[in-house]
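In: Everything below, folded, please.
(one chain, ligands or ions: 2)
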Amino acid sequence: MVDERDHDTSSSSLPSLTKQLADTTLGGSADVPVVDLSVSDEGFLVREVVKASEEWGVFQVVNHGIPTEQMQQLQVAGKQFFDLPETEKDAVAKEEDFEGYKRKYLGGINNWDEHLFHRLSPPSIINYKYWPKNPPQYREVTEEYTKHMKRLTEKILGWLSEGLGLPRVALTQSMGGDTAEYVLRINFYPPTQHSELTIGAAAHSDMGAIALLVPSEVPGLQAFKDEQWFDLNYVNSAVVVIIGDQLMRMTNGRFKNVFHRAKTDRERLRISWPVFVAPRDDMSVGPLPELTGDENPPKFETLIYKDYIDQKIKGWALEDLPVY
Ligand code: OGA
Ligand code: NI
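Out: Ligands and ions are numbered 1, 2, ... in the order given. Reported below is the predicted structural model:
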């Protein structure tokens, strides 16, 4: 697991600058799907999440079973951490690895990057030295939240598997079952005067399999579909589900690894809490044999996840080369 957004994903390194700055005329004709998980017709639910993953690669879920106070406690703890003086936040500063707290002036259109990043699960890979000691409830709240996140992720992967005609555990197992890595990133986007020009998170697709994100109430997340950027409307207590590169590859392109970005707000601070779920670095990931055949040959190479990451990062670096 690496922090892909630690690498320069700013405008120049992305496939197309047009995409990055594509005018923000938003398609008003469609909204990012919202799926109510409390409906009793499971078949309906399966169809909804599959359709959203195929058409958008992103959707929001409500009535997902994570208690609201649990989400609020996570948000309060995160906010309290970011409100600390810099010297205190530096107690968990990033070193060589991707975990820890970092703030960096990037310049250009995404001019500020401040975040905390650390592993959540499995327990054997947790480095508590990167978990803030202040506020004191941080660890307990985050551990409790992790349990809910795992449960919800596995439920969603179960429905997606079923919708693909596979056993419920298929997608979870294909990313290593209990060895799959869960990592939390808290993104901190202070207000910026030129918010129309300032990207909080540059356009990207997530490298892992799936991410479950909780935003603060300030809108900013946008998804790219049909050559347009769409705002994700803030829905109280919703969890945003983002399909990443590996689910796209496993499903042989049937699910979309949504291109997304986050804008900053002119006046208000915005914070987001994505939990990224990815296979272990040494897992082989590619189109599932059950989903490919003569009619539908594999569109992607099966790769060790670490090699996939290296290739993706190298691709960005190559795109940084001047064009003659
Ligand atoms: C990310 C991401 C969006 C947001 O961290 O990968 O897409 O709303 N964040 O902060
Ligand atoms: Ni992302």
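
In: Report the secondary structure state of Leu184.
Out: strand (DSSP: H, G, I helix; E, B strand; the rest coil).

In: My guess is it contacts Val141. True?
Out: No - using Cβ atoms under 8 Å as the test, Leu184 is too far from Val141 to be in contact (11.4 Å). In short, each C-beta sits where N, CA and C put it, glycine included.

In: Of the two, give the one with the bigger neighbour count.
Out: Leu184 (22 against 19; other Cβ atoms under 10 Å).

In: ok now do that one, which residues does it touch?
Out: When contacts are counted by Cβ atoms under 8 Å, 6 or more residues apart in numbering, Leu184 touches Leu116, Phe117, His118, Arg119, Leu120, Thr142, Thr146, Trp273, Pro274, Val275, Phe276.

In: Gln311 versus the second one, what's the distance?
Out: I take that to be Phe117. 22 Å (Cβ to Cβ, to the nearest Å).

In: Keep the contacts of Leu184, but drop any that are not near ligand 1.
Out: Pro274 (Cβ under 6 Å from any ligand atom).

In: Which ones among the contacts of Leu184 map onto strands?
Out: Among those, the ones falling in strands (DSSP state E) are Leu116, Phe117, His118, Arg119, Leu120, Trp273, Pro274, Val275, Phe276.

In: Go through these and say which is closest to Leu164.
Out: Phe276 (21.6 Å; Cβ to Cβ).

In: Quick check: the farthest pair among the ones in strands among the contacts of Leu184?
Out: The widest separation within these (Cβ to Cβ) is 14.5 Å, between Arg119 and Trp273.

In: For stretch 56-64, list every residue counted as buried.
Out: Going by neighbour count (16 or more other Cβ atoms under 10 Å), the buried part of stretch 56-64 is Trp56, Gly57, Val58, Phe59, Gln60, Val61, His64.

In: And for stretch 201-209?
Out: Ala201, Ala202, Ala203, His204, Ser205, Asp206, Met207, Gly208, Ala209.

In: distance between the ends of that stretch?
Out: End-to-end span of stretch 201-209 (Cα to Cα, to the nearest Å): 19 Å.

In: and if you look at stretch 275-294?
Out: 36 Å.

In: Then stretch 236-248?
Out: Note: stretch 236-248 ends 28 Å apart using Cα to Cα.

In: so how far is it off the chain centroid?
Out: Computed by Cα atoms, centre = their mean, to the nearest Å, the chain-centroid distance of stretch 236-248 equals 6 Å.

In: Averaged pLDDT, stretch 124-138. What do you get?
Out: Averaged over stretch 124-138, pLDDT sits at 97.

In: which other residues reach it?
Out: Applying Cβ under 8 Å, 6+ apart, the set of residues contacting stretch 124-138 from outside is 73, 76-77, 80-81, 84, 88-89, 91-92, 97, 99-101, 116-120, 139, 142, 181.

In: Now list the buried members of those residues.
Out: Looks like these have 73, 77, 81, 89, 92, 99-101, 116-120, 142, 181 buried, using 16+ other Cβ under 10 Å.

In: What is the nearest of those to ligand 1?
Out: Phe117 (9.2 Å; Cβ to the nearest ligand atom).

In: That closest one against Val92, yeah?
Out: No - applying Cβ under 8 Å, one finds Phe117 not in contact with Val92, separated by 9.9 Å.

In: Which residue, other than its chain neighbours, is closest to Arg261?
Out: Leaving aside its sequence neighbours, Arg261 sits nearest to Ala203 (Cβ to Cβ, 6 or more residues apart in numbering; 4.2 Å).

In: Quick check: the gap between Asn233 and Lys225.
Out: 15 Å.

In: hmm, I was thinking of Thr172
Out: Counting by Cβ to Cβ, the gap from Thr172 to Lys225 is 27 Å.

In: For these two, indicate the residue with more neighbours.
Out: Remark: of Thr172 and Lys225, Thr172 carries more neighbours, 23 against 19, as counted by other Cβ under 10 Å.

In: hmm, back to that, between the buried residues of stretch 56-64, which sits nearest ligand 1?
Out: Closest to ligand 1, out of all of these and judged by Cβ to the nearest ligand atom, is Val58, at 9.8 Å.
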